[in-house]
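Chemist: Here is a sequence together with a model predicted from it:
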Amino acid sequence: MSIRHTVIDSPLDDLTLVADGDTLTGLYFLGHWPRPARNGFGPRVDAYTDPLLAEAQTRLDDYLAGTRTTLDLPIDPRGDTVQRRIWEQLTAIPYGATVTYGELADTAGGLTAREVGQIVGRNPLSIVIPCHRVVGKAGRLTGYAGGVARKKQLLDLEEPAELRAARLF
């Protein structure tokens, strides 16, 4: 079986996982923006009948429960060379940390923060490639393919305990 997908329940609503062969190629939210082309998802399968999708679901469940900090799944994000380079940079952002679009642009070589933002917004593997860790100037929450509320939920999940304890509210 080559391209296929499954839909799993999560605290972030339904998530659609897309796989091709032995790699995960997509992870999309309900209402994902920009909306991916569903004709590239292949047939729907039950996650538990597919070893890769079952493992992805288990790791995502653990991550969203706060018991896992890395997902370590075989991935193949489909994009051009520049997109893949930026998405690779996202995988280097540590759990619980954030960077700004401007900081990414500074290391991207010739791209503006806006261009980086557009590439980050086209990340086909939300959560797995942690684009939620990219924020606007001064830590401001800005756009997210799954919506800013989900971005905040993911950042809150990853917030270090000592920082959480130091907040009054």
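Modeler: In hand now; what should we look at?
Chemist: where in this protein is pLDDT low?
Modeler: 1, 161-169 (pLDDT under 70).
Chemist: P11: neighbour count?
Modeler: Applying the criterion other Cβ atoms under 10 Å, we find 11 residues in the vicinity of P11. Glycine gets a C-beta too; all of them are placed from N, C-alpha and C.
Chemist: so who does it touch?
Modeler: L64, Q153 (Cβ atoms under 8 Å, 6 or more residues apart in numbering).
Chemist: where's it, which helix or strand?
Modeler: With elements delineated by DSSP states H and E, P11 resides in a region that no helix or strand encompasses.
Chemist: ok, now how distant is it from F29?
Modeler: Here the criterion is Cβ to Cβ, to the nearest Å. By it, P11 lies 12 Å from F29.
Chemist: Count the residues that sit near L64.
Modeler: Look at L64: counted by other Cβ under 10 Å, it has 17 neighbours.
Chemist: Hmm, it is touching L12, no?
Modeler: Yes. Counting by Cβ atoms under 8 Å, L64 sits close enough to L12 to count as a contact (7.0 Å).
Chemist: okay, now the domains of this structure?
Modeler: The record's domain split for the chain, according to automatic domain parsing, is 3-64, 81-166.
Chemist: distance between the shortest one and the chain's centre?
Modeler: A distance of 12 Å separates the centroid of the chain from that of domain 3-64, by Cα atoms, centre = their mean, to the nearest Å.
Chemist: when you give positions from now on, start the count at 32
Modeler: All right, first residue 32 from here; so that's domain 34-95.
Chemist: Quote the end-to-end distance of it.
Modeler: 25 Å (Cα to Cα, to the nearest Å).
Chemist: for stretch 89-107, same thing?
Modeler: 19 Å.
Chemist: Quick one: closest of the domains of the chain to P105.
Modeler: P105 lies closest, by Cβ to Cβ, to one member of the domains of the chain: domain 34-95, at 4.7 Å.
Chemist: Many thanks, I have nothing further to ask.
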